[in-house]
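# Sequence plus the predicted model coming up.
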Amino acid sequence: MSREVTVAKREPVVRMAKRDTISRGKAWGIRLIAVLLSLVTAAVVIVAITKQNPVEVYLGIVDGAVGTNRRAWVTIRETVVLLCIAIGLTPAFKMKFWNIGAEGQILMGGAATAALMIYAGDALPNWLLLIVIFIASAAAGMVWGLIPAIFKAKYNTNETLFTLMLNYVAMQVVTFCIVFWENPAGSNTVGIIGAAGQKGWFPPVLGITYGLNVILVAVLTVGIYIYMKYSKHGYEISVVGESQNTARYAGINVKRVIIRTMMLSGAICGFAGCLIVSGASHTISTSTAGGRGFTAIIVAWMSKFNPFAMILVSAFLVFMQQGSIQIASQFGLNENASDIITGILLFFLIGCEFFINYRLEFRKNRNA
Amino acid sequence: MKKILSVLLAMGLSVSMLAGCGSDDAAGTAADGGAVGETAGTEAAGEPVAAEDIKVGIIYIGDENEGYSSAHMAGIDEMMETLGLSEDQVIEKTTVPEDESCYDAAVDLAEQGCDIIFGNSFGFETYMIQAAAEYPEIEFCHATGYQASSSGLANMHNYFTAVYESRYVSGVVAGLKLNEMIADGTITEDEAKMGYVGAFPYAEVISGFTSFYLGARSVCPSVTMEVQYTNSWADMAGEAEVASKLIDDGCVLISQHADTTGAPSACEEKGVPCVGYNIDMTSVAPNSALTSASINWGPYYTYAVECVMNGEAIVTDWCQGYVEGADKITPLNETVIAEGTAEKVAEVEGALKEGKLHVFDTSTFTVNGSSLEDLIAQGGDYEKYSAYVSDGYYHESELASAPAFDLIIDGITSVTE
């Protein structure tokens, strides 16, 4: 495209050129500028709509996200959930398998967790129950990832639609389960499961309520980083993602890689369901995933599939969410106001990727 | 190029996904920073708290745009005015979902030094109990719940109003309208069939539509009713759809126990009279809304906060009705109601207040052809109702504040399966 522009007789004032490389520092510099610009834009919107002092509003965001010990831990808890899902999506997306079914995989994992908490809560000691829950939730998510993978590998079905549709199937499965679990009958609410003995709940680690959540996701993050970067499987995933023909030529069994990778992706997303149900909410509903399966796609893409960058991005998004709910309450704004701010931030952050991939060249000499 | 394109496509896709889901995942903790740094309320229940020191927290399922929560907000405003509380003494958290977000919100309010914390949605209950166990010195009050007394926590309370009374009165308004339609020849006596848009098939809703039906039948003996559920408390499109379906099924009057204006909008379109819930529906249905059964939460909020101020214990289950002004119907819509409605309503309201009229009078209804007393005498599944029935009526909301009447009486068809 850029070549066509250059052959044109009159050179335009500005033209886009693909960057060959960009230094890491420069890329993060552009992102930083985007964040600052988005904060300024959001401030203008805040002043225009609410007539509030934007500095106070931003302080409110910080206060809401990390203002107290407990708020900080809620932010961390939500961050690791989002991170876990993004980690789960990474292998699939790296393979160019558009898994937008994380919502469903989370719900299935969550449903398996809730089922075990309800039916096996009294039968097993808590440590064993938790291990069973880990395995079962991952298995449930795995099945939900495996189904579209098999169809993709065997019949080349469109995985985007397939995984998306499976989200709704998962929702119906959860709705169906709630019929048996709801308390009282007909109310459509399950309430806290196992409140009395905290059966199937993550126990506090070193006195920290959400310590186990952090440890488990940290292990996963490092594990996936190593898996993607240093293992043969990880290499196969990248090759299949770049070109399936190349992969075939290199003797890689593409079908097997697709199925294996989606099983892994689904399993981690299913495990995220257990992280939510066992580790935080102790209940199940159709909104258990709460859109996080989609938000995690943004986390994964913005991080360029680097698991460590994902920590930053997911922490940033959750920080803004937690903080902006606070300002909604503090300044008496509707919660939609917080969505607007988050939306502005995302717009700039995603938009700035353009400037990382392209550079703008200004016409130097008018008479050239 | 292809790679970039696919990246952009995927991003565009994910952004549009996020747009649809943003409000849900933004659900975490809402809080008020104005109070950070102040000491948490350490007053034990029983010690009076001065009016200028008291801090009140409220967790709402919705916001001012949703009828049910806005009714609660009006109650809080009334309490503030009566007791002279200022705005910064009340911390409100809106659109809190029924999951751990409710617990997060409750403990955050506790940490901000609230002396009393209210929650207005049924699904909040277990999370409030969890928070109440952690903060025994703070009072937690949960609307529409039923577990306060069984929780064994002295600081956990349930509250509701005898909304079946206002539903009964609104039923009378509906029955009179049906009578007028029969007298006009618009419908025959046998065609007097009402439709009811319910949220979920459990006691709170069943008790509500039964009282509405009994109110209508007290003036229009031939009336029948069909109930259908939306399985959501607030689903504008779903409620409109169910209302239309009921109208197609031959219902000539619609009422609702769901929180949006969906059903009245559908009724306005089809020219079918309707009875709303919570708020006056004449704004969306000026030519079809008769009135709405409504709750005034002000008396409870005033009572509970006053208890904390005076160092008195709050009752575990609070339920008051017409006498205390906790229930009412919204102003009658003169353009739609039948002649003589105002007089009849005044008469019924008077009888309710004097205690002469009981909504669940067992002589006025049967279940599968038998009276409730006979069924209890037979034992089996019906034995559990024996504690509620005495002196010829079912004592709704007396053993616990939450409604408990969950029988489908004759004349009502309820589609659950």
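Right, received. Where do you want to start?
# residue ranges for the strands of the stretch 101-250 of chain A, please.
For the stretch 101-250 of chain A, applying DSSP state E, counting those that start in this stretch gives no strands.
# which bits of it sit near chain B?
Within reach of chain B by C-beta under 8 Å from any C-beta of the partner chain, the stretch 101-250 of chain A has these residues: A:160, A:184, A:185, A:186, A:187, A:188, A:189, A:191, A:192, A:195. Backbone N, C-alpha and C define where each C-beta goes, glycine included.
# Buried among the residues you listed? Need that as a selection in ChimeraX.
Buried residues within these, by 16 or more other C-beta atoms under 10 Å in any protein chain shown, are selected in ChimeraX with:
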select /A:160,184,186,187,188,189,191,192,195
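# In helices, which of the residues of the stretch 101-250 of chain A next to chain B appear?
In helices, defined here by DSSP state H, the members of these are residue A:160.
# Can you find the residue of the stretch 251-400 of chain B that comes nearest to chain A?
Proximity of the stretch 251-400 of chain B to chain A (C-beta to the nearest C-beta) peaks at residue B:400, 11.9 Å away.
# which regions of the chain sit below the pLDDT cut-off?
If you meant another chain, say so; for now it's chain A. A:1-11, A:334-336, A:364-368 (pLDDT under 70).
# meant chain B, my bad for not saying
Across chain B, the ranges flagged by pLDDT under 70 are B:1-46, B:416-417.
# middle-most residue in it, spatially?
residue B:68 (6.6 Å; C-alpha atoms, centre = their mean).
# what helix or strand is it on?
For residue B:68, the host element (DSSP states H and E) is helix B:67-83.
# what does that helix rub up against?
Residues outside helix B:67-83 that contact it (C-beta atoms under 8 Å, 6 or more residues apart in numbering or on different chains): B:51, B:56, B:58, B:60-64, B:85-87, B:89-90, B:92, B:94, B:118, B:120, B:143, B:233-234, B:259-261, B:277-279, B:294-302, B:305-306, B:309.
# quick revisit: might one say that the residue of the stretch 251-400 of chain B closest to chain A is in contact with residue B:317?
Yes: shown here, residue B:400 and residue B:317 form a contact pair, counting by C-beta atoms under 8 Å, at 5.0 Å.
# what do those two both touch?
The contact lists of residue B:400 and residue B:317 share B:149, B:158, where a contact means C-beta under 8 Å, 6+ apart.
# ok so, going back, what's the separation between the residue nearest to the centre of chain B and residue A:67?
As judged by C-beta to C-beta, to the nearest Å, residue B:68 and residue A:67 stand 30 Å apart.
# and stretch B:99-109, is it in reach of chain A?
Yes: Stretch B:99-109 reaches chain A (C-beta under 8 Å from any C-beta) through B:99, B:100, B:104, B:107, B:108.
# Need the contact partners of that stretch.
With contacts defined as C-beta under 8 Å, 6+ apart, stretch B:99-109 is touched by A:68, A:70-71, A:74, A:280-283, A:285, A:287-288, B:27-31, B:57, B:59, B:91, B:93, B:96, B:117, B:119, B:121, B:123-124, B:127-128, B:130-131, B:134-135, B:140.
# Now do the helices in chain B.
Counting by DSSP H, chain B has helices at residues B:2-25, B:67-83, B:100-111, B:125-134, B:148-151, B:163-184, B:203-219, B:236-248, B:262-270, B:298-310, B:341-354, B:372-378.
# Which elements pack onto the last one?
With contacts taken as 3 or more C-beta pairs under 8 Å, 6 or more residues apart in numbering or on different chains; DSSP states H and E, helix B:372-378 sits against strand B:389-390.
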